[in-house]
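*Asks:* build me a structure from this.
(chains A and B)
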Amino acid sequence: MASVNVLYFAWLRERIDTPRERIETSATTVGDLVAELVARSDRHAAAFADPASVRVALDQELVDFAAPLAGVAEVAFFPPMTGG
Amino acid sequence: MARPLYAEGELPRYARHIALREIGGPGQARMKRASVLVVGAGGLGAPVLMYLAAAGVGRITVIDDDTVSLSNLQRQVIHAQDRLGMDKVTSASISLAGINPFVAVTPVRARLDAGTAPATVAGHDLAIDATDNLPTRHLLNAACVEARVPLLSGAISQWEGQVTVYDPARGAPCLSCVFPTIPPDDLVPSCAAAGVMGALPGIVGSMMAAEAIKLLTGAGRSLRGRLLMQDILWGEGREIAVRRRPDCPVCAAIEEETA
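*Replies:* The predicted structure follows:
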């Protein structure tokens, strides 16, 4: 098991109701981690209802959901913002 | 004899920028010669337009199809109580003329669409996305990619903001590289539906105005390839490294300038 800091921005943060949480995970990719998060609570499931709308950065670098988590300290999930 | 760059009595108002080592007289002259397109005269457009006019950007085109309503005044500080119902671009022009009469402002009361975007972007050194919806953001992005015009983009949501510079002709990704899909409407609430904290567009729009001044003058290190996210409610901020996608359907064919 590895421990990662997971950050949520915009409507992900609003749905999950926390800006960050520490997660113990055995996931090997971002996609696996999202599947674990979705199973955690209805709030998480609602936040990831449309994964295609969510972008992810590992240690502050934009990656795809297939990216490996090995050695990663921080996972940040964020959607496009629209307002002006 | 060449026409002087500045009008009689204009130059002293720029003294504090000229005093900055990173801007100076040459940087100020670049701003004066520049032409900037601002799409949206709402929350983000307000500080962007006001600071760029105050800074002495030579020509500013502002496009928006909306009129001033009462619920705008909580954050859109370029507008005013006595202009309720007026076109936002007209109201904005009045404010800008009051701040700096030496800026040539072109108000365009229209909604940017795929047909008009290329001609609207043409002739500008920089485009600034201060719109309130993703479809318009994507069609502005496509027009800027095609015209090789840098696109300074800001967006807000409730208590949070994002700022970056999309510019595939100069090594940065385009909007579609970073956000390839437009989420369904129920996932992305508008300011009207979700609310927005009044000072937020002031913060994010001022970051955009500062970035525009950097881009126009060449000062410092630009936000090309860096997406700034700021959460004012929780005090979290991150800088995310972003890069071009070789398979991006919008910008893959764009060749980068050689330095």
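*Asks:* spit out the contact partners of residue B:214.
*Replies:* Taking Cβ atoms under 8 Å, 6 or more residues apart in numbering or on different chains, we find residue B:214 in contact with B:220, B:222. The C-beta positions use only the backbone N, C-alpha and C, and glycine is treated the same way.
*Asks:* list the buried residues for the helix or strand harbouring residue A:32?
*Replies:* Assigned by DSSP states H and E, residue A:32 belongs to helix A:30-40. Within helix A:30-40, the residues that count as buried by 16 or more other Cβ atoms under 10 Å in any protein chain shown are A:30, A:31, A:32, A:33, A:34, A:37, A:38.
*Asks:* tell me the one among those residues nearest to chain B.
*Replies:* residue A:30 (14.1 Å; Cβ to the nearest Cβ).
*Asks:* make a markdown table out of the buried residues of helix A:30-40 and add distance to residue B:141 and pLDDT.
*Replies:* A markdown table is the format used below for the buried residues of helix A:30-40 (distance: Cβ to Cβ, whole Å; pLDDT from 0 to 100):
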| residue | distance to residue B:141 | pLDDT |
| --- | --- | --- |
| A:30 | 25 | 98 |
| A:31 | 27 | 97 |
| A:32 | 32 | 97 |
| A:33 | 30 | 98 |
| A:34 | 27 | 98 |
| A:37 | 30 | 97 |
| A:38 | 31 | 97 |
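*Asks:* how about these, which pair is most distant?
*Replies:* A:30 and A:38 (12.5 Å; Cβ to Cβ).
*Asks:* for chain A, where's the lowest mean pLDDT among helices and strands?
*Replies:* Least confident helix or strand, chain A: helix A:11-16 with a mean of 92, by mean pLDDT, DSSP states H and E.
*Asks:* which residues sit against that one?
*Replies:* Applying Cβ under 8 Å, 6+ apart, the external contacts of helix A:11-16 come out as A:8, A:19, A:41, A:43-44, A:46-48, A:54, A:77-79, B:157-158, B:160, B:187-189, B:231, B:234.
*Asks:* report the buried members of these.
*Replies:* Here, 16+ other Cβ under 10 Å leaves A:8, A:19, A:44, A:47-48, A:54, A:77-79, B:157-158, B:160, B:187-189, B:231 buried among the contacts of helix A:11-16.
*Asks:* so which of those residues belong to helices?
*Replies:* A:44, A:47 (DSSP state H).
*Asks:* just to revisit the earlier point, mind checking which of the contacts of helix A:11-16 land in strands?
*Replies:* Under the assignment DSSP state E, the contacts of helix A:11-16 contribute A:8, A:77, A:78, B:157, B:160, B:231 to strands.
*Asks:* okay, the residues you listed in TSV with pLDDT and distance to residue B:51 next?
*Replies:* Conversion of the ones in strands among the contacts of helix A:11-16 to TSV gives the following (pLDDT from 0 to 100; distance: Cβ to Cβ, whole Å):
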residue	pLDDT	distance to residue B:51
A:8	96	31
A:77	97	32
A:78	96	26
B:157	93	22
B:160	96	21
B:231	93	23
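*Asks:* from these, pick the one nearest residue A:60.
*Replies:* Using Cβ to Cβ, the ones in strands among the contacts of helix A:11-16 come closest to residue A:60 at residue A:78, 11.4 Å.
*Asks:* can you tell me how far that closest one sits from residue A:29?
*Replies:* Between residue A:78 and residue A:29 the distance is 18 Å, computed by Cβ to Cβ, to the nearest Å.
*Asks:* likewise for residue B:207?
*Replies:* 33 Å.
*Asks:* now, among the buried residues of helix A:30-40, which is nearest to residue B:151?
*Replies:* residue A:30 (27.6 Å).
*Asks:* checking the closest residue to that closest one other than its chain neighbours next. Helix, strand or coil?
*Replies:* Nearest residue to residue A:30, sequence neighbours excluded (Cβ to Cβ, 6 or more residues apart in numbering or on different chains): residue A:65, at 4.6 Å. Under DSSP: H, G, I helix; E, B strand; the rest coil, residue A:65 falls in the coil class.
*Asks:* just residue B:252 next, same as before
*Replies:* Classified using three-state DSSP, residue B:252 is coil.
*Asks:* surely it and residue B:177 touch.
*Replies:* No - with contact defined as Cβ atoms under 8 Å, residue B:252 does not reach residue B:177; the gap is 9.1 Å.
*Asks:* many thanks, we can stop here.
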